[in-house]
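Participant: Sequence and computational prediction follow.
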Amino acid sequence: MLGFGLAWPFNIYKSVKTKTAAGKSFAFMITIELAYLCGILHKVFYNYDAVIWLYVANFVMVFIDLMLMIRNRKLDLARARQMALPPQHA
């Protein structure tokens, strides 16, 4: 859990800096979110301990990256539309 948790801040940073969703998969991100949610629910109902906070932290970081991915997809689409416009002549 800790190893995965250390990777997400770098992924978030990359999403912020590049402002593109290229190489990101919505299905993958949702799958990861569901996996962390299942881990949280398991900890709540069957084995509550401090590890729950690692699941919560990872869930939040993936959620942030997912929101950035959605924003970046919109930016990608806007850039694509901008490039598709014919040049303006004065």
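Facilitator: Good, I have the coordinates.
Participant: Only C-alpha atoms from now on, for both contacts and neighbour counts.
Facilitator: OK.
Participant: Give me the local confidence score for Ser15.
Facilitator: You'll see Ser15 listed with a pLDDT of 95.
Participant: neighbours of it, just the number please.
Facilitator: The burial count assigned to Ser15 is 22, neighbours taken as other CA atoms under 10 Å.
Participant: Not counting its neighbours along the chain, what's nearest it?
Facilitator: Taking CA to CA, 6 or more residues apart in numbering, and ignoring the residues beside it in sequence, Ser15 has Leu68 as its nearest neighbour in space, at 6.4 Å.
Participant: go on, Lys43?
Facilitator: Nearest non-adjacent residue to Lys43 (CA to CA, 6+ apart): Ile52, at 5.9 Å.
Participant: how about that neighbour, what does it touch?
Facilitator: For Ile52, the set of contacting residues under the criterion of CA atoms under 8 Å, 6 or more residues apart in numbering consists of Gly39, Ile40, Lys43, Val44.
Participant: Most neighbours among the residues you listed, please name it.
Facilitator: Counting neighbours by other CA under 10 Å, the top entry in the contacts of Ile52 is Ile40, with 21 neighbours.
Participant: Relative to Arg81, how far out is the residue nearest to Lys43?
Facilitator: Spatial separation of Ile52 from Arg81 under the definition CA to CA, to the nearest Å is 43 Å.
Participant: so where's this structure shaky on pLDDT?
Facilitator: Using pLDDT under 70 as the threshold, the predicted model of the chain has low-confidence ranges 87-90.
Participant: Could you rerun that using 90?
Facilitator: Within the chain, the set of residues satisfying pLDDT under 90 comprises 1-6, 82-90.
Participant: re the thing from before, can you name the two of the contacts of Ile52 that sit furthest apart?
Facilitator: Farthest pair in the contacts of Ile52 (CA to CA) is Gly39 and Val44. Separation: 8.6 Å.
Participant: if we can go back for a sec, TSV for the contacts of Ile52, including distance to Thr31 and secondary structure?
Facilitator: As requested, those are exported to TSV (distance: CA to CA, whole Å; DSSP: H, G, I helix; E, B strand; the rest coil):
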residue	distance to Thr31	secondary structure
Gly39	12	helix
Ile40	14	helix
Lys43	18	helix
Val44	20	helix
